[in-house]
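Undergrad: pasting the sequence and the predicted coordinates here, then a few questions.
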Amino acid sequence: MAAAPILSWENLSLHQGSGWLFRDLDLAIAPRDRLALIGRNGAGKTTMLKLIAGEIEADKGTRSIQPGTRIVMLEQDPFFTGYDTLMDFALAGKDAPPRHEVEAIAGQLGIDLGRSAASASGGERRRASLARALASDPDLLLLDEPTNHLDLAAIDWLEGWLQRYTGAFVTISHDRTFLERLTKATIWLDRGALRRKDVGFGGYEAWMEQVYAEEARAADKLDAKLKIEAHWLERGVTARRKRNQGRLEKLWEMRAQRAAMLNPQGAAKMKLAVDDVKTKSVITADKVTKRFGDRTIIKDFSLRIQRGDRIGLVGANGSGKTTLLKLLTGELQPDSGTVTLAKTLHGVMIDQQRSLLSPEKRVRDVLAEGGDWIDVRGVRKHIQGYLKDFLFDPGLVDARVGTLSGGEQSRLLLAREFARKSNLLVLDEPTNDLDLETLDLLQEVIADYDGTVLIVSHDRDFLDRTVTVTLGLDGSGKVDVIAGGYADWEAKRTQRTGAVKTAAKPAAEAPVAAAASTPRKGKLSYKDQRDYELLPARIEELLAQIARDEKEMADPALYTRDPARFASLTRAIETARGEKDAAEERWLNLAELVEG
C-alpha cells in the first residue's frame, strides 16, 4: 500500500500576465519521493517549487500538508543583501538551523562561513545556501539548480548526501548526470499541463518521445497548417535528438583520431601531419608554466590545438581552469614557455552574463538591431526563423527582454553570440540556467561549428557529449590531456589511483603507474598474480567497511550528538569507495589478461 502523501495540491491554478500559467493541476508528494521537475525555460518550474513551499499563493486550488512537515527550499539565486557574513545568512530566520549542524555541513563542503557575504563568490554562496538548507532537517527538500556554481568534488558530496537522505526531495536541474543518479520519478511541466511518471530522469526522454509521438499521430488528423504551427517545436526537438545520435558517432570518431595523435606511438605521425598542414594549428602551448606567488598553477604544459578541436577544461574550483583558459587565449602571459596563436584567430567569449542584456530592449533589438534580418556567421537569416532555431516562439520577436525568464535570457544571449562571425568559441560555464532541450540545441550548435571550441564546465554529461579532448587539472600544476570527455578523464584518474595504491608509487610517477595498471597480454608477473589473488578479499573488506559506516551514519541523531564523527565517517566512506573502485578496475584488467 502506497504511503499517504506528505503534501498535495488539487486543481492548482495560477494566473500570470495575460493568461493562466497553470490550470487545474494535481500533484502529490510521498514521504520518500525523489522527483525530477522537468520543463522548458519559462514553463514555470521555479514558480511551481514556490507554490509547493507555500511562498506564493495560487489563484485556485487546495494545498494539503501533513502536520509537522518541514519544507525547506534551496533557491537558485538567494538574497544575500543585508548579511555581513555567510554565517549570518545561514542562521537567519525564525526557523534557523542549529549552528553546529550548519558548521558540520560547511566543513564537509569546504566553505568558511566567516567570509564576507558581499565579496563571496558564486560557489561560496551556493555552499552557504546548501549548508543552511541541508542542516535544517527538512522532511521535504526543494532544490532549484543545486549544482550551479559547484565544482565536481562538491557535486559528488551533494549526491552522496542526497542518496543517504531519508526525506523527500523535488529538484530542478540541467545536470543530467545528477538527475540520472538520484531521481526515481519525474514530473513534467509542459504547455500548462503537469504529467507524472514513476521513472527517474534516465527514462524521461523515452517517455517524452512517446508523448510527442502520440500527439503527432493526433495532429495528423488536423488541418496541415494548424499542425505545422502547433507542433513545430515538438517535432523539431524529436528530429534534433535523432540527428544528435549521428553527431555523437562523429564525436567518437574525432576522439579516436585525437587519441592516436596524443599517444606516444603517434608522436612522429602527428609531427609530419602538422608539418604538411601548418594552418591547422590554431593554438600551440609549449612547456608553459604560470605561478602566482609561491604557488605553481600550471607547470610544463604543452598542447597543439587544431582547427575543429573541442577542448574541455575540468577541475575543482581554484585548480587553475580560468588561468589555463586565459593562457590559451592570450589574455595572460606565461612565466616561462610560449603560447602561439594563429594570426587569423578571431574568438567570441560566451560567459552567460545576462547583465549585458537591457531589460527594456526588444528581442529584435538584441538580435538584429531592431530589424527583421540577422547575419549568422556570414549567412543572412530572417529573425523569426532564427528564433525558431533557438527554440523561441517567433511571436516573441517584439517581446521586452525583461519579460523573459532567466533561462530564456540566457538562450537569447547564446543566440546573439553564436551569430557572430568567428573561428574560436570560448564558453565559460555555458550550461547554467539552460533547460535540457536548450542544452541539446547547444550541443548541436557546437557540433556543427566550423572552428575551435574551448569549454569550461562542471556539467559532466555536457562534456561527454561535446568535447574531443579534456584538460584535467588537480591543483598541483599538472594538466592531464585526455582524448575524450569527462568520463574518460574520470576513468583515467581512477585507473591512476588504483595503480598508485597497488604499486606504491610516488605521486610524481602517477602517469607511468596509470599506464602500467592495464597489463599487456601475456603471462602475469609475480606482483600481478598476487594482486589477482588478493584483491577480491580486499574488495569484500572495503564493501563491509562502507556498509558499517553507512549504517552508523543512518542514525538521524548522529549529526546532533557528534558532528565530528559524522564528518569523519563521510570522509572514510568516500575514501573507501575510491579505493574499492580502483581495486575493482585493477582486478578486472587482470582478469581479462588471465582469460585472454
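TA: Arrived safely.
Undergrad: can you get me a residue count around residue 210?
TA: The local packing of residue 210 (other Cβ atoms under 10 Å) involves 11 other residues. Heads up, the C-betas are built off the backbone N, CA and C, glycines and all.
Undergrad: now the helices for the stretch 351-500 of the chain?
TA: Taking DSSP state H, counting those that start in this stretch as the test, the helices found in the stretch 351-500 of the chain are 363-368, 383-389, 406-419, 436-448, 460-466, 486-503.
Undergrad: now those as TSV including distance to residue 95, mean neighbour count and mean pLDDT?
TA: Shown next, in TSV, are the helices of the stretch 351-500 of the chain (distance: least, Cβ to Cβ, whole Å; neighbours: other Cβ atoms under 10 Å; pLDDT from 0 to 100):
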stretch	distance to residue 95	mean neighbour count	mean pLDDT
helix 363-368	41	20	90
helix 383-389	44	17	88
helix 406-419	27	21	83
helix 436-448	33	19	83
helix 460-466	34	23	91
helix 486-503	38	20	69
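Undergrad: among these, which is nearest residue 201?
TA: helix 436-448 (9.0 Å; Cβ to Cβ).
Undergrad: against which helices or strands is the closest one packed?
TA: helix 224-262, helix 406-419, helix 460-466 (3 or more Cβ pairs under 8 Å, 6 or more residues apart in numbering; DSSP states H and E).
Undergrad: could you check the angle that helix makes with helix 406-419?
TA: Counting by axes from the mean of the first three to the mean of the last three Cα atoms, to 10 degrees, helix 436-448 lies at 10 degrees to helix 406-419.
Undergrad: can I get helix 436-448 as PDB, trimmed to CA atoms?
TA: The C-alpha trace of helix 436-448 is given here as PDB (Å, rounded to 0.1, in the frame of the first residue of the first chain):
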ATOM      1  CA  LEU A 436      17.500  20.300 -21.100                       C
ATOM      2  CA  GLU A 437      16.200  21.000 -24.600                       C
ATOM      3  CA  THR A 438      18.300  24.100 -24.900                       C
ATOM      4  CA  LEU A 439      21.300  22.000 -23.900                       C
ATOM      5  CA  ASP A 440      20.500  19.600 -26.700                       C
ATOM      6  CA  LEU A 441      20.400  22.600 -29.000                       C
ATOM      7  CA  LEU A 442      23.700  24.000 -27.700                       C
ATOM      8  CA  GLN A 443      25.400  20.600 -28.200                       C
ATOM      9  CA  GLU A 444      24.100  20.600 -31.800                       C
ATOM     10  CA  VAL A 445      25.400  24.200 -32.500                       C
ATOM     11  CA  ILE A 446      28.800  23.300 -31.100                       C
ATOM     12  CA  ALA A 447      29.000  20.100 -33.200                       C
ATOM     13  CA  ASP A 448      28.200  22.000 -36.300                       C
END
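Undergrad: contacts for it next, please.
TA: Contacts with helix 436-448, where a contact means Cβ atoms under 8 Å, 6 or more residues apart in numbering, come from 38, 40-41, 174, 176, 237, 240-241, 243-244, 247, 250-251, 310, 389-391, 407, 410-411, 414, 418, 425, 430-431, 434, 453, 455, 462, 465-466.
Undergrad: try 6 Å this time
TA: Identification of contacts with helix 436-448 by Cβ atoms under 6 Å, 6 or more residues apart in numbering yields 40, 237, 240, 247, 411, 418, 431, 453, 465, 466.
Undergrad: please apply the same query to stretch 199-207.
TA: With Cβ under 6 Å, 6+ apart, stretch 199-207 has contacts from 36, 179, 180, 183, 184, 186, 197.
Undergrad: now which of those residues would you call buried?
TA: By neighbour count, with 16 or more other Cβ atoms under 10 Å, the contacts of stretch 199-207 hold 36, 179, 183, 186 as buried.
Undergrad: so which of the contacts of stretch 199-207 are in helices?
TA: Among these, DSSP state H puts 179, 180 in helices.
Undergrad: please work out how many residues are found near residue 374.
TA: So residue 374, with other Cβ under 10 Å, has 20 neighbours.
Undergrad: surely it meets residue 383?
TA: Yes - using Cβ atoms under 6 Å, residue 374 is in contact with residue 383, at 5.4 Å.
Undergrad: touching both of those two, which residues are there?
TA: Common neighbours of residue 374 and residue 383, counting by Cβ under 6 Å, 6+ apart, are 367, 368.
Undergrad: please, where are all the helices along the stretch 101-250 of the chain?
TA: So, for the stretch 101-250 of the chain - with DSSP H, counting those that start in this stretch - the helices run 122-134, 152-164, 176-182, 204-219, 224-262.
Undergrad: and those, which one is worst for confidence?
TA: Ranked by mean pLDDT, the helices of the stretch 101-250 of the chain end with helix 224-262 in last place, scoring a mean of 60.
Undergrad: what's next to stretch 132-143, contact-wise?
TA: With Cβ under 6 Å, 6+ apart as the criterion, stretch 132-143 contacts 49, 53, 69-74, 90, 97, 101-102, 105, 167-171.
Undergrad: try 7 Å this time
TA: Identification of contacts with stretch 132-143 by Cβ atoms under 7 Å, 6 or more residues apart in numbering yields 6-7, 29, 49, 52-53, 69-74, 89-90, 97-98, 101-102, 105, 161, 167-172.
Undergrad: return the subset of the residues you listed lying in strands.
TA: Counted as lying in strands by DSSP state E, out of the contacts of stretch 132-143, are 7, 29, 71, 72, 73, 74, 168, 169, 170, 171, 172.
Undergrad: quick one, what contacts the last one?
TA: When you say that, I think you mean residue 172. Contacts of residue 172 by Cβ under 7 Å, 6+ apart are 37, 45, 46, 49, 143, 144, 145.
Undergrad: isn't the last one up against residue 173?
TA: So that's residue 145. Yes - between residue 145 and residue 173 there is a contact under Cβ atoms under 7 Å: 5.9 Å.
Undergrad: pop the domain breakdown of the chain in here.
TA: 7-212, 250-346+422-484, 357-421, 504-595 (automatic domain parsing).
Undergrad: on that earlier part again, of the buried ones among the contacts of stretch 199-207, which belong to strands?
TA: 36, 186.
Undergrad: quick one, strands of the stretch 251-400 of the chain?
TA: 281-292, 295-306, 310-315, 336-341, 347-350, 373-376, 379-382 (DSSP state E, counting those that start in this stretch).
Undergrad: quick one: residues contacting the most centrally placed residue in the chain.
TA: Note on the chain: the residue nearest the mean C-alpha position is residue 459, at 2.3 Å, using Cα atoms, centre = their mean. By Cβ under 7 Å, 6+ apart, the contact list for residue 459 reads 175, 431.
Undergrad: also the one 3 residues further on?
TA: If a contact means Cβ under 7 Å, 6+ apart, then residue 462 has 431, 439 as its contacts.
Undergrad: if you set the cut-off to 6 Å instead, what comes out?
TA: If you count contacts by Cβ under 6 Å, 6+ apart, then residue 462 has residue 431 around it.
Undergrad: same check on the one 4 residues further on?
TA: Residue 466 makes contacts with 310, 443, 446, as judged by Cβ under 6 Å, 6+ apart.
Undergrad: returning to that earlier point: quick check: the two most widely separated of the contacts of stretch 199-207?
TA: In those, two members sit farther apart than any others by Cβ to Cβ. They are 180 and 197, at 14.9 Å.
Undergrad: any chance of JSON lines for the contacts of residue 172, columns pLDDT, distance to residue 537 and neighbour count?
TA: Listed next are the contacts of residue 172 as JSON lines, based on pLDDT from 0 to 100; distance: Cβ to Cβ, whole Å; neighbours: other Cβ atoms under 10 Å:
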{"residue": "37", "pLDDT": "96", "distance to residue 537": "44", "neighbour count": "25"}
{"residue": "45", "pLDDT": "91", "distance to residue 537": "48", "neighbour count": "23"}
{"residue": "46", "pLDDT": "91", "distance to residue 537": "50", "neighbour count": "21"}
{"residue": "49", "pLDDT": "95", "distance to residue 537": "48", "neighbour count": "22"}
{"residue": "143", "pLDDT": "97", "distance to residue 537": "40", "neighbour count": "25"}
{"residue": "144", "pLDDT": "94", "distance to residue 537": "45", "neighbour count": "20"}
{"residue": "145", "pLDDT": "92", "distance to residue 537": "43", "neighbour count": "24"}
